[in-house]
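Student: here's a sequence, model it:
(chains A and B)
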Amino acid sequence: MAMAEPVWETDLDTGKRILVVDDDVLMLGMLKRILSKKFACEVVTAETPFDALRIMKDDPPSLIVADVRMPGLDGIELLRRVKEQDPTVSVILMSGFGTIEIAVEAMREGAYDFLPKPFNNDELVYTARRALERTDLLRENRVLHERLDGDLSVSPFVGRAKPLKETLDLIRRIADTDVTVLIRGESGTGKEIAARAIHDLSSRSSRKMIAVNCPALPEDILESELFGYVKGAFTGATSDKKGLFLEADGSTILLDEIGDMPVSLQTKLLRVLQEKEIRPLGSNQNIPVDVRVLASTNQDLETKISQGLFREDLFYRLNVVTVRMPSLAEIPEDIEPLARHFLRVYGREYGRKGLSFAPETISCLMRRHWKGNVRELQNVIKRAVLLASGHLITPGHLFLSEQGKGQGKENSSVCFGGLKYNEAKEKVVESFSRAYISRALEKSLGNVTVAAQHSGLERQALQRLMRRYGIRSEDFRGHRNEGAE
Amino acid sequence: MARILVLDDVIDAGILIRKILQRKGHEVAIFSDEEEAIAHARTNPVDLAILDIKLKKMTGIEVLDELKKSNPDMKAVMLTGYPTVETARQALSLGASDYCVKPISKDELEEKVSEVLGG
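Tutor: Residues are numbered from 1 along each chain as shown, chains lettered A, B, ... in the order given. Presented below is the predicted three-dimensional model:
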């Protein structure tokens, strides 16, 4: 049930999805059958509006077909919340109680259409087709607008936090110039991606950017790699070799981890930057090159300078403009969008779509101190996508080591900003209940009766709570076994 | 003050609505013939159309579609004694702001009109 058969590869790749929401399981199955037969896209289902909202939050589908009468949250309210989040999603509501008031309310709230039950399949398919077209048009339009606004121009970056935005602004401004740029930031913050963005936004983008990892190579090899050599320059130099600087002629070269470049080579690099010429090993001729130099480092170059390990004059040469990549600790508000982004990316890559985060997973991610920054977060999500057994990624799937965990207290994820007492209390109770129930179910491997016994609750009472918070016992079955394997 | 077009095949119904809305300071033109109403809207500005659905030659939905072509910013309220889910969804997807069932009280009419014009 989790995944549609990948029959229509191309459409599946475009990520077009239909979400069907109905508490009537028979109806759900029937709608899924009809829609997946008629449309070349993935059809996912949700039995409760809360599941639907979770799916919506992780990866908004193109179309939602939902029943109006559902326990907990009716279709109209679901429609409102969906529209709030992403107005391009088309929503078709259906109801067995086809009163005019409901139809009018649904349409006024922005439903694409309203189908009174019973309806025939052709009606559904017809209106669904037009609804999908509407979404396509709106999304296309949105992409074009974003492109016009220059929002997508530094596209590999996800997130909206201010420090990141400032960095991206700077990148945009300096990209199409020839200035040398020093990109600084902790490891895993995206320095190389920033370099690529600078290159891609410059007029040199038609040529390939050359990236050199400085510490990866021993000194003499690095030198011959960078500047090349002529035949007979040393034993084994049986023919001329073009260096990477010459290869990057008319393009950009990224000197990754420049802080680890040996001082002797720094001197030669300085000359290249000053003269815009290189001299291959063993040659006595300088060759002019037109190369834009980007350098990156996660080291404290100022300290290295004071220790005599980095040439001060090279530092000033490189440091015409500094682009500083913020660490994840500086942009905590971007953790959630980043996590969701990686969930989408790896969900597609590994054919595990329809996965979503349990709410406590997000708070767990937020609490952690990410020493390895975005790259570490990326790897954790990737692993979780591979290891998750149900639809839901629970904190257990993250396999976070104890270090870095629990930066704050248990409830620190609940933000009280501007909340009324009752609302705040509600939030705390909800977050506590979710955590408690999830943990109980995790322990009982999804067995509700056992979990209820351990919690000192009646089975029915626990089930009621699970329904309220949209927690499903299926999501907790078999995690243990898998972890042990 | 708004310019309101009322179309109802029963002319007395139109007269009643005009009386109510004129008192609120609106300029009201009433019609019982579909084509005359459409012709009026082509040459005169209309802020709001109040349309009956069961008419003589066309349906109110078709009239709405026509009126929207010449006055896309025009608001519309459907008023019908024979409500169906089908006409309700059609009217709203063509851009009607509301769909009311006859009989409608004076207060309700005033309220709907001011709500639609206000928004």
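Student: just confirm A:Phe119 contacts A:Gly96, I think it does.
Tutor: No. Assessed by CB atoms under 8 Å, A:Phe119 is found out of contact with A:Gly96, at 10.2 Å. Every C-beta, even on glycine, is put in place using the N, C-alpha and C of the backbone.
Student: so where does B:Ala49 fall, helix or strand?
Tutor: Using DSSP states H and E, B:Ala49 sits in strand B:48-52.
Student: B:Asp107: what's it in contact with?
Tutor: Contacts of B:Asp107 were listed using CB atoms under 8 Å, 6 or more residues apart in numbering or on different chains, and none were found.
Student: if we use 10 Å, what do you get?
Tutor: For B:Asp107, the contact set (CB atoms under 10 Å, 6 or more residues apart in numbering or on different chains) comprises B:Ile20.
Student: one more: A:Thr322?
Tutor: A:Leu170, A:Val181, A:Leu182, A:Ile183, A:Arg184.
Student: pick the one among those closest to A:Val374.
Tutor: When the contacts of A:Thr322 are compared for distance to A:Val374 (CB to CB), A:Ile183 wins out at 14.4 Å.
Student: does that closest one belong to a helix, a strand or coil?
Tutor: Following DSSP: H, G, I helix; E, B strand; the rest coil, A:Ile183 is assigned to strand.
Student: just the pLDDT for the nearest residue to it once chain neighbours are set aside.
Tutor: Leaving out its chain neighbours, the residue that sits closest to A:Ile183 by CB to CB, 6 or more residues apart in numbering or on different chains is A:Ser296, at 4.2 Å. If you check A:Ser296, the pLDDT there is 94.
Student: A:Ser412 now?
Tutor: Per-residue confidence (pLDDT) for A:Ser412: 40.
Student: now do residue 73: how many residues are near it, please.
Tutor: Because you didn't say which chain, this covers chain A. The local packing of A:Leu73 (other CB atoms under 10 Å in any protein chain shown) involves 17 other residues.
Student: hmm, I had chain B in mind actually
Tutor: B:Asp73: 9 surrounding residues under other CB under 10 Å.
Student: ok and the residue in the stretch 101-250 of chain A nearest chain B?
Tutor: Closest residue of the stretch 101-250 of chain A to chain B, CB to the nearest CB: A:Met107 (3.4 Å).
Student: that residue in helix, strand or coil?
Tutor: State at A:Met107, reduced to three classes by three-state DSSP: helix.
Student: measure it to B:Ala96 for me?
Tutor: Counting by CB to CB, to the nearest Å, the gap from A:Met107 to B:Ala96 is 9 Å.
Student: what about these two, which has more around it?
Tutor: A side-by-side neighbour count of A:Met107 and B:Ala96, using other CB under 10 Å, places B:Ala96 first with 25 against 21.
Student: phi, psi of that one?
Tutor: Backbone torsions for B:Ala96, taken as degrees, to the nearest 10, come to phi -70, psi 150.
Student: hang on, the earlier thing: what lines up beside the host helix or strand of the residue nearest to A:Ile183 in the sheet?
Tutor: Using DSSP H and E, the secondary-structure element containing A:Ser296 is strand A:292-297. If you go by DSSP bridges, strand A:292-297 pairs up with strand A:181-184 (parallel), strand A:252-256 (parallel).
Student: need these in CSV with mean pLDDT, mean neighbour count and distance to A:Leu400, can you?
Tutor: What follows is these, written out as CSV (pLDDT from 0 to 100; neighbours: other CB atoms under 10 Å in any protein chain shown; distance: least, CB to CB, whole Å):
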stretch, mean pLDDT, mean neighbour count, distance to A:Leu400
strand A:181-184, 94, 24, 27
strand A:252-256, 94, 23, 28
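Student: which stretch among those comes nearest A:Gly190?
Tutor: Ranking these by proximity to A:Gly190 (CB to CB) places strand A:181-184 first, at 9.2 Å.
Student: so how far is that closest one off the chain centroid?
Tutor: For strand A:181-184, the separation from the chain centroid amounts to 24 Å (computed by CA atoms, centre = their mean, to the nearest Å).
Student: ok, residues contacting it?
Tutor: Strand A:181-184 has contacts (CB under 10 Å, 6+ apart) with A:167, A:170-171, A:174-175, A:189-195, A:198, A:252, A:254-256, A:258-259, A:292-301, A:315-325.
Student: so what secondary structure elements neighbour the next helix or strand after it?
Tutor: For strand A:181-184, the succeeding helix or strand toward the C-terminus, using DSSP H and E, is helix A:191-200. Judged by 3 or more CB pairs under 10 Å, 6 or more residues apart in numbering or on different chains; DSSP states H and E, helix A:191-200 is in contact with helix A:162-175, strand A:181-184, strand A:210-213, strand A:252-256, strand A:292-297, strand A:321-324.
Student: can you do 7 Å?
Tutor: Helices and strands touching helix A:191-200, by 3 or more CB pairs under 7 Å, 6 or more residues apart in numbering or on different chains; DSSP states H and E, are helix A:162-175, strand A:181-184, strand A:252-256, strand A:292-297.
Student: tell me, what residue is most central in chain B?
Tutor: Geometric centre of chain B, nearest residue: B:Ile50, 1.1 Å, by CA atoms, centre = their mean.
Student: surely A:Pro395 is in contact with A:Ser363?
Tutor: No. With contact defined as CB atoms under 7 Å, A:Pro395 does not count as touching A:Ser363 (8.6 Å).
Student: any residues of the stretch 1-150 of chain A in contact with chain B? List them.
Tutor: Within the stretch 1-150 of chain A, the positions near chain B by CB under 7 Å from any CB of the partner chain are A:Gly98, A:Ile100, A:Ala103, A:Val104, A:Met107, A:Arg108, A:Asp113, A:Phe114, A:Pro116.
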